[in-house]
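Novice: got a sequence here, can you model it:
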Amino acid sequence: MSGFGRLWALVGMAAVAGLASGCAPVVLGAAGGTAVVAASEHRGLSGFASDTEIKARINHLWFQHSLDMHSRIGLTVDQGRVLLTGRATDAQMRLDAVRLCWQVEGVKEVINEIQVDTDSGIMDSARDTWITTQLRTKLTFDSQIHSQNFSIDTVNGVVYLMGLATHQGELDRVIEHARTLPNVQRVVNYARVL
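Specialist: Take a look at the predicted model:
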């Protein structure tokens, strides 16, 4: 079996293990394949599997606690670092989301960027999704950026970046692309340089 075939077999086993343990299912599509290859590039398979398991366990706890929390809070995991974004309905939801993260083994850091926001509507969410889509497209077509190594989340016009850059120049390009997009209020960088 080729290295790529073994990689997909491992991903499949991780998904089945997640289902068997009661965790939220892991779904990978065509874009997921790119993320898997990128993960093996910088974190190795064990790092990718560990982050995937952490994310699944947090999602499971959130889902058990509150369906509203599960749908309103964004979650990115990179090397045990957990970035929380999104719009909580109140301060208690924000605190509960963080508290539940710390219950999962392997979590090394929780970065809480959750906003308490009861006024946002469909138009705000659509604008944020459009910003993320535009940035993802710019990164994908920039030959000097390994776009698959970056996670992007946008909340109320604030772009949150997480992941690994191969060098400072690459990270600077990613941040500059984000800053130049219409409707971006600011860019918050949690990405690191290898």
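
Novice: please enumerate the helices of this structure.
Specialist: In the chain, the helices defined using DSSP state H lie at 3-20, 30-42, 44-65, 67-72, 91-101, 122-140, 168-179.

Novice: okay, the residue nearest the centre of the chain and I152: tell me how far apart.
Specialist: Central residue of the chain (C-alpha atoms, centre = their mean): T76, 2.7 Å from the mean position. Note on T76: its distance to I152, by C-beta to C-beta, to the nearest Å, is 9 Å. Just so you know, the C-beta spots here come from the backbone N, C-alpha and C atoms, and that holds for glycine as well.

Novice: now list whatever residues contact both of those two.
Specialist: Y160 (C-beta atoms under 8 Å, 6 or more residues apart in numbering).

Novice: and the closest residue to R87 other than its chain neighbours, what does it touch?
Specialist: Closest residue to R87 apart from its sequence neighbours, by C-beta to C-beta, 6 or more residues apart in numbering: D117 at 4.0 Å. Contact partners of D117, counting by C-beta under 8 Å, 6+ apart, are 87-88, 156.

Novice: so what's E105 up against?
Specialist: Residues near E105 by C-beta under 8 Å, 6+ apart: R57.

Novice: and it, its phi and psi?
Specialist: Main-chain dihedrals, E105, degrees, to the nearest 10: phi -60, psi 140.

Novice: go on, the one 3 residues further on?
Specialist: Dihedral angles phi and psi of K108 (degrees, to the nearest 10) take the values phi -100, psi -30.

Novice: can you get me a residue count around it?
Specialist: 9 (other C-beta atoms under 10 Å).

Novice: domains in the chain, by residue range?
Specialist: 3-116, 122-193 (automatic domain parsing).

Novice: now those as JSON lines including mean pLDDT?
Specialist: Shown next, in JSON lines, are the domains of the chain (pLDDT from 0 to 100):
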{"stretch": "domain 3-116", "mean pLDDT": "74"}
{"stretch": "domain 122-193", "mean pLDDT": "95"}
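
Novice: which positions within stretch 128-137 qualify as buried?
Specialist: 128, 131-132, 134-136 (16 or more other C-beta atoms under 10 Å).

Novice: over to stretch 165-183?
Specialist: By 16+ other C-beta under 10 Å, the buried positions in stretch 165-183 come out as 165, 170-171, 173-175, 177-178, 181.

Novice: grab the CA positions of it and hand them over as PDB.
Specialist: The C-alpha trace of stretch 165-183 is given here as PDB (Å, rounded to 0.1, in the frame of the first residue of the first chain):
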ATOM      1  CA  ALA A 165       3.900  29.200   8.100                       C
ATOM      2  CA  THR A 166       7.100  27.900   6.600                       C
ATOM      3  CA  HIS A 167       8.800  31.300   7.100                       C
ATOM      4  CA  GLN A 168       8.000  34.800   8.200                       C
ATOM      5  CA  GLY A 169       7.600  36.100   4.700                       C
ATOM      6  CA  GLU A 170       4.800  33.600   4.000                       C
ATOM      7  CA  LEU A 171       3.000  34.600   7.200                       C
ATOM      8  CA  ASP A 172       3.300  38.300   6.300                       C
ATOM      9  CA  ARG A 173       1.800  37.600   2.800                       C
ATOM     10  CA  VAL A 174      -1.200  35.800   4.400                       C
ATOM     11  CA  ILE A 175      -1.800  38.700   6.800                       C
ATOM     12  CA  GLU A 176      -1.500  41.300   4.000                       C
ATOM     13  CA  HIS A 177      -4.000  39.400   1.900                       C
ATOM     14  CA  ALA A 178      -6.500  39.400   4.800                       C
ATOM     15  CA  ARG A 179      -6.000  43.100   5.600                       C
ATOM     16  CA  THR A 180      -6.700  44.200   2.000                       C
ATOM     17  CA  LEU A 181     -10.100  42.500   1.700                       C
ATOM     18  CA  PRO A 182     -13.200  44.700   1.900                       C
ATOM     19  CA  ASN A 183     -15.200  44.700   5.200                       C
END
